[in-house]
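Undergrad: Fold the stuff below for me.
(chains A, B and C)
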Amino acid sequence: MTVDLSQFIPSFLEESFEGLELMESELLNLKEGDNETIHSIFRAAHSIKGGAGTFGFDKVTEFTHLVETLLDEMRDGRREITSKDTEILLESVDCMRLLIEAARDDDNYDHDKVEQTTSRLAETLGDEPSSDSDNQSENIVAASNVCGYTINFIPEHSLAKTGNDPLFIFNALAELGQLTLSADCNDLPALVDIDPQELYLSWQLTLYTDVGEAEIREIFEWVEDECLLELVPIADTSNTSQDIEVLAPEEEPQSQSTTTNQEQLASTQNASSAIAGAKESTAEDTNIPATAKDKDKAKAKADVGSIRVGVDKIDNLINLVGELVITQSMLSELGNDFDMDKVDRLTSGLEQLLQNTKELQESVMRIRMLPISFAFNRFPRLVHDLAIKTGKKMELVIKGEQTELDKTVMEQIGDPLVHLVRNAADHGIESCEVRLAKGKPEKGTISLDAYHQGGNIVIEVKDDGAGIDRQVVLDKAVEKGLIEADAILTESQVYDLLFEPGFSTAAEVTDISGRGVGMDVVKRNIQSLGGRIQVESTLGKGSCFRVHLPLTLAILDGQLVKVGSETYIIPLIAIVESLQIDNKLINRVSGDMVLYRLRDDNVPILPIYQLFNLATKCTEIDKALLVVVEADGQKIGLMVDDLLAQQQVVIKSLKDNYQQVAGISGATILGDGSVAMILDIPGIIHMALAQAQHAQREKTDGNASVTAEVCL
Amino acid sequence: MNIQAMAQDIPVEGEHTMEGVDFITSGDQYLTFLLAQEQYAVDILCVEEIRSWEQPTKIPNAPSYIKGVINMRGIIVPIVDLRLKFSIGEASYLDTTVVIVLTYQSDNNSRTIGFVVDAVSDVLNVDNADIKPAPAFGGCVGPQYIEGLINSENKVVTILNVAHLQKVEPHRLHS
Amino acid sequence: MTKVLVVDDSNSIRDMVSFTLKSAGYETVEAKDGQEGLSKAKSSNFDLVISDVNMPNMDGISLCTELRKLVNFKFTPILMLTTESSAEMKMRGKSAGATGWLVKPFNPEKLLATIKRVVK
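TA: Now for the predicted structure:
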């Protein structure tokens, strides 16, 4: 029968990538004489090699074998662990990743890199021949006339103690041809002396078969060290008539007759082939109607990726569903014959339902939560490499890696964090000499920390390096024309300049952080996740970049507002305050810009109906409500007709079946089943800005002094 | 795939039953519908659901033929008025106005969009050989949307290309 | 039904061995390392144990030694699943009481053919 194992490839790949990550982080922690670490690195490589072999990923097997050999020498203490070897192993991990990815995508890989590493590995291994194929030259050419063998099989008395049972061996032999056997009981001691755990028999077997000696010996493979085994070829012409007798070995601990055993064997086989047949036919049945559409679906599903969830989380869910079922049956029983006397019970039942739903929702969300260590685990390697590249000494301290974060957020926060860490290593940490001269420890420290704060997660990237020189930032901004030479900026406004497109404070562009991807991209990525970034810095002491992110992208706390006949949702996190408009505080400036005086601030008023081209009855500013929102440090007053409830909403994408809509971050389904749009506050501010600039361009240059900044 | 089973799976809402429609499992089947008085058809395998018209939630600054989005069992489905898109007839919303929800699978994603039409009429069994190319000189339906024409009794039915219908033309907001 | 205990720290290997055995009509119980394997072995009887060698917590060789100390496992066949086909490796297995070894890469047909040497 054939067994199709291709369904196990995804789990092998997932496991391999996990193994590679483990190898990498353990290699970075590797210290002399740390046997357990070496062992676990070895195990990871070993598993990858084993699996790769099974799926025919030969390149992976071949390469991993070299790695494994090197690790094996370290494990056995035959080789000292040097930092040079660690570097080679780290490089090898990269190569293995490349090779596995190539095998997965059926794609090409960087041959040069793999070859280089291969030769470095081979060199390290001391030019050992890379092939370990202990292929015993099998198939000793069988004599042409051989039609079978006489086999003398004299097992040691202790054979059964290794779990081997001659009966099964004979069964296996019987499958190769016609087998006859006779037992020799000469060694059998007197009954009182018999140890029931010992095997006292030996056998002479005659097997008429066309298979070679090697194949027969293979069957005895597991017992060859515990027995005397002789194979004598039987020539075709000879008609050796020997005493052929089937003897049931009574003294065997598991006494079974050979014949019954064979019958059973045969029936098992039939059963198994029947199963295989059934499987195949069902496979066919399901395959026939599979249209191209189905295949597409399967393909699409394969791309979705999987998530590993702890059993405790699942158990918790099951418990909650159990409670929900109880509540439901209680309610439906109540509904069977309801009268007004039972209102109290109904109310409490509904309350319970609300509680159940809430808990269930939280638990489901928790399934998507992973410890942030998944995002942090690449940093030890990164900092290690950065230290080598920059020639600086630095170490990475990771805290709060158990803090949980939504999987989607996690996937998208990785790159911005890499950028921040690179930045810290490149621009933050000073060289050893400078640090010593400043009286700091020679080794710089970069720390990553994650913790929950309210409904958000905060990730800090901190360094004890030079800190940000605000004057340098200002000079640079002036030079780049980002600000006027005489502009007076607050501390945080100065740091905000770092995130302006095209701003880079490094005197020279290094290949570490100056790769075209600027801090502006970092900020944009963080904003697109609904988060924000803060900078703190003390000159000479170090800097701290603090990223605030929502815990999940799937649920949002929203304020429902009414505009005309439409209901919109404003994310609560963006709302500064909501107020009734006081006519006296409205100021019209530069023609059509309407500002609202909010204490010391002047907040531009943006009527949503205008922005979205809606028909509404309420176009009078003084009759409307103002929801003041903030994004990017810019406040804006959204004019709405009415404020409705505040509630948690599940975010649905508009992109799935439609497209991204300017000013809208998604949609949700309200309690009555209708759809409501969720406003994208940074997007709306951007739109308003663009509209204002557009309006300005239409005017003559007379108003040129009104910059966009004043407008918005 | 069992076409008959599929066709019967199509939920029908309101008065729009498919009574008297005979399902034949050989050849391709098309769902025909009316835009003004003209007959159009789409591949029945793409039809997810036929719903009666309900006022959707507006999408800000969308073109007039995109009426908005509705909630179809938790999925946000945009609604396109084919009469407005093709400028055929009047876009009136009566009790008989229906929305045909189509799902089209391409490479590795699928899109579900609802199309407003005047009425659903029939299921046609069509032999592929009977589909004739549309004449090059055009009416108001762009040639990319037309898969071909088919003669049904004394009428001509225009078969629409679902793949093209499902392509949402990106539109920009204009202030 | 022949009951097999499959011990391997690699999910995919464990799944594959188990899947192969099940499709041939065997019953399987899985364990992710020697320790788990041992505790599962103590709570139930098995007709065959297939174990990886390199595992965390308790490796295959130690598992084998421990199993042989149990009355129920005195004669139970124990096969080591290993990529190492060296003689030294085999000796270590043997001295711990292993019945035989299966050399990786794992091949389903080979697995089914070879385990017939030790079980029904």
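Undergrad: neighbours of the residue in the stretch 201-350 of chain A that chain C sits nearest to, just the number please.
TA: Across the stretch 201-350 of chain A, the shortest distance to chain C (CB to the nearest CB) belongs to A:Trp222, at 3.0 Å. Quick note: C-beta positions are derived from backbone N, CA and C, even for glycine. When neighbours are counted by other CB atoms under 10 Å in any protein chain shown, A:Trp222 registers 25.
Undergrad: Quick one: find the helix or strand in chain B with the lowest mean pLDDT.
TA: Of all helical and strand segments in chain B, the minimum by mean pLDDT, DSSP states H and E falls on helix B:3-9, at a mean of 49.
Undergrad: and after it, which helix or strand comes next?
TA: strand B:28-35 (DSSP states H and E).
Undergrad: tell me what that following strand is packed against?
TA: With contacts taken as 3 or more CB pairs under 8 Å, 6 or more residues apart in numbering or on different chains; DSSP states H and E, strand B:28-35 sits against strand B:38-43, strand B:98-106, strand B:109-117, strand B:119-126, strand B:155-160.
Undergrad: What number of residues are in the vicinity of A:Leu354?
TA: Residues near A:Leu354, counting by other CB under 10 Å: 11.
Undergrad: scratch that, A:Val458 is what I was asking about
TA: 18.
Undergrad: That one contacts A:Tyr451, correct?
TA: Yes - in terms of CB atoms under 8 Å, A:Val458 counts as a neighbour of A:Tyr451; the distance is 5.7 Å.
Undergrad: overlap in contacts of those two?
TA: Common neighbours of A:Val458 and A:Tyr451 (criterion: CB atoms under 8 Å, 6 or more residues apart in numbering or on different chains): none identified.
Undergrad: so can I have a markdown table of the helices and strands packed on strand B:28-35 showing mean neighbour count, distance to chain C and mean pLDDT?
TA: Shown next, in a markdown table, are those (neighbours: other CB atoms under 10 Å in any protein chain shown; distance: least, CB to the nearest CB, whole Å; pLDDT from 0 to 100):
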| stretch | mean neighbour count | distance to chain C | mean pLDDT |
| --- | --- | --- | --- |
| strand B:38-43 | 21 | 39 | 90 |
| strand B:98-106 | 21 | 30 | 88 |
| strand B:109-117 | 21 | 29 | 88 |
| strand B:119-126 | 17 | 43 | 87 |
| strand B:155-160 | 19 | 46 | 88 |
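Undergrad: quick one: the strands in the stretch 51-200 of chain A?
TA: Applying DSSP state E, counting those that start in this stretch to the stretch 51-200 of chain A gives strands spanning A:146-155, A:178-184.
Undergrad: Make a markdown table out of those strands and add distance to chain B, mean pLDDT and mean neighbour count.
TA: As requested, those are arranged in a markdown table below (distance: least, CB to the nearest CB, whole Å; pLDDT from 0 to 100; neighbours: other CB atoms under 10 Å in any protein chain shown):
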| stretch | distance to chain B | mean pLDDT | mean neighbour count |
| --- | --- | --- | --- |
| strand A:146-155 | 56 | 85 | 19 |
| strand A:178-184 | 52 | 86 | 17 |
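Undergrad: The ones you listed: which one's closest to A:Arg599?
TA: Nearest of these to A:Arg599, taken as CB to CB: strand A:146-155 at 96.8 Å.
Undergrad: Mind listing the strands that closest one pairs with, and their directions?
TA: Strand A:146-155 pairs in its sheet with strand A:202-208 (antiparallel), strand A:227-235 (antiparallel), by DSSP bridges.
Undergrad: how far is the longest one from where the chain is centred?
TA: Looking back up the chat, that one is strand A:227-235. Distance of strand A:227-235 from the chain centroid (CA atoms, centre = their mean, to the nearest Å) equals 56 Å.
Undergrad: and what of the shortest one?
TA: The chain centre lies 57 Å from the centre of strand A:202-208; the measure is CA atoms, centre = their mean.
Undergrad: Just the residues contacting it, thanks.
TA: A:147-155, A:166, A:170, A:173, A:176-184, A:187, A:216, A:228, A:234, A:240, A:242, A:244.
Undergrad: same thing but 7 Å
TA: Strand A:202-208 is contacted by residues A:147-155, A:166, A:173, A:176-184, A:187, A:216, A:242, A:244 when judged by CB atoms under 7 Å, 6 or more residues apart in numbering or on different chains.
Undergrad: Quick check: buried residues in the next helix-or-strand element following that strand?
TA: Sequence order places helix A:213-219 as the next helix or strand after strand A:202-208, per DSSP H and E. Buried positions in helix A:213-219, judged by neighbour count with 16 or more other CB atoms under 10 Å in any protein chain shown: A:Glu213, A:Ile216, A:Arg217, A:Glu218, A:Ile219.
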